[in-house]
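Mind folding the following:
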Amino acid sequence: MRGLPAGVPNPAPIAPPGLAGIADQILGWLKWGVLAGGVAGLLICAAMIIWGRRNRSATAMEGLAGSAWVLGGLALASVAAVLVGAFQV
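Here you go, the predicted structure:
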């Protein structure tokens, strides 16, 4: 690896004994929660757009803006592991 003087150890990350399974389970729950929240958020935004179609254009605009935020959050969640991996030492 460049930037490290010769002879400096650079070990790979290792989970503490007994914690790898628990960490995987918690991360799995978080991923499921993000996906469920994303589906609910998109459905709510779609309902706002539909409901705000006539004489309630502010509601439709809020639904459209909200859907952009939900999609942005889902995109960030989908690349979370890649982003963290890109910054590891």
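
Going by C-alpha atoms from here, please, whenever you check contacts or count neighbours.
Fine.

Just the pLDDT for Gly7.
Per-residue confidence for Gly7 comes out at a pLDDT of 78.

any idea which helix or strand carries it?
Remark: Gly7 resides in no helix or strand, with elements defined by DSSP states H and E.

Just give the closest residue to Thr59, not the sequence neighbours.
Setting aside the residues directly before and after it, Thr59 is nearest to Gly52 in space (CA to CA, 6 or more residues apart in numbering), at 4.9 Å.

Against Ala58, how distant is that neighbour?
Note on Gly52: its distance to Ala58, by CA to CA, to the nearest Å, is 7 Å.

More neighbours: which of the two?
For Gly52 and Ala58, the more surrounded residue by other CA atoms under 10 Å is Gly52, and the numbers stand at 17 against 13.

for this structure, what helix or strand is lowest in average pLDDT?
For the chain, the helix or strand with the lowest mean confidence is helix 80-86, at a mean of 87 (criterion: mean pLDDT, DSSP states H and E).
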